[in-house]
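Q: the sequence and its predicted three-dimensional model are supplied below.
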Amino acid sequence: MNAVTVWYDSQCPLCRREIALMKRLDHRGRIAFIDLEAADSCPVDRGAMLARLHASEDGRLLTGAAAFAAMWRQIPLLRPLGLAARNRHILSLLERAYTGFLRLRPRLQNLARRFEETHR
């Protein structure tokens with residue numbers, strides 16, 4: 001059984017790369033990755049799930065940095081960072097960084113798409 005479920009946007013080139021890396025690192029198969037494009041249903045509004053990373057851990061729906069931390073806790077290499085994020089101060093710093101990334105995300109997605117197009 002998977003310990004964490006992660007919903008992701010397969011139409012986002014950044015998300016595809018991030019999830020591909022996490023899948024490679026998840027040697028124990030502890031994370032269920034659900035592509036929102038193929039999902040039959042979503043636990044919350046689909047638009048909200050596309051806007052921020054969502055994960056389920058221990059029956060709780062997490063978003064943003066907390067969702068990343070839940071995923072990291074399942075990957076031995078990243079587990080220390082995921083455990084550190086249980087500290088509210090560290091999680092707050094990670095959430096601020098994630099919020100900053102979200103402001104840049106549209107531009108980064110465009111750059112990643114152009115890169116993919118030129119390297120096909």
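A: Structure received.
Q: is the closest residue to A39 other than its chain neighbours in a bridge, and if so with what?
A: Closest residue in space to A39, ignoring its immediate chain neighbours: W7 at 6.8 Å, by CB to CB, 6 or more residues apart in numbering. Placement of C-beta: from N, CA and C, glycine included. Legend: beta-bridge partners of W7 under DSSP bridges are I34, H54.
Q: residues of the longest helix anywhere in the chain that come out buried?
A: With secondary structure taken from DSSP state H, the chain has its longest helix at helix 88-118. Neighbour-count burial for helix 88-118 flags L91, L94, E95, Y98, R105, Q109, A112 (criterion: 16 or more other CB atoms under 10 Å).
Q: go on, stretch 27-46?
A: Neighbour count says stretch 27-46 has I31, F33, I34, L36 buried, by 16+ other CB under 10 Å.
Q: and stretch 42-61, how far out from the chain's middle?
A: Taking CA atoms, centre = their mean, to the nearest Å, the mean C-alpha location of stretch 42-61 is offset from the chain mean by 10 Å.
Q: got it, and stretch 31-44?
A: With CA atoms, centre = their mean, you get 12 Å for stretch 31-44.
Q: for the residue nearest to L108 when sequence neighbours are not counted, which three-state class applies?
A: Nearest residue to L108, sequence neighbours excluded (CB to CB, 6+ apart): L14, at 5.9 Å. Following DSSP: H, G, I helix; E, B strand; the rest coil, the label given to L14 is helix.
Q: isn't L14 up against R107?
A: No. L14 is not in contact with R107 according to CB atoms under 8 Å; the separation is 10.7 Å.
Q: in CSV: the buried residues of helix 88-118, plus pLDDT and distance to P76.
A: Formatted as CSV, the buried residues of helix 88-118 follow (pLDDT from 0 to 100; distance: CB to CB, whole Å):
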residue, pLDDT, distance to P76
L91, 98, 20
L94, 98, 19
E95, 98, 24
Y98, 96, 22
R105, 88, 28
Q109, 84, 30
A112, 85, 28
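Q: can I get the CA coordinates of stretch 63-82 in CSV?
A: Output of stretch 63-82 as CSV, limited to C-alpha atoms (Å, rounded to 0.1, in the frame of the first residue of the first chain):
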residue,chain,number,x,y,z
THR,A,63,-0.9,21.3,-0.3
GLY,A,64,2.2,23.3,-1.3
ALA,A,65,5.3,22.8,0.7
ALA,A,66,3.5,20.4,3.1
ALA,A,67,2.6,18.2,0.1
PHE,A,68,6.3,18.2,-1.0
ALA,A,69,7.4,17.3,2.5
ALA,A,70,5.0,14.3,2.7
MET,A,71,6.5,13.1,-0.6
TRP,A,72,10.1,13.6,0.5
ARG,A,73,9.5,11.6,3.7
GLN,A,74,8.9,8.5,1.6
ILE,A,75,12.2,8.8,-0.3
PRO,A,76,15.2,7.8,1.8
LEU,A,77,17.5,10.4,0.1
LEU,A,78,15.0,13.3,0.9
ARG,A,79,13.6,12.0,4.1
PRO,A,80,15.7,14.2,6.4
LEU,A,81,14.3,17.3,4.6
GLY,A,82,10.8,15.9,4.8
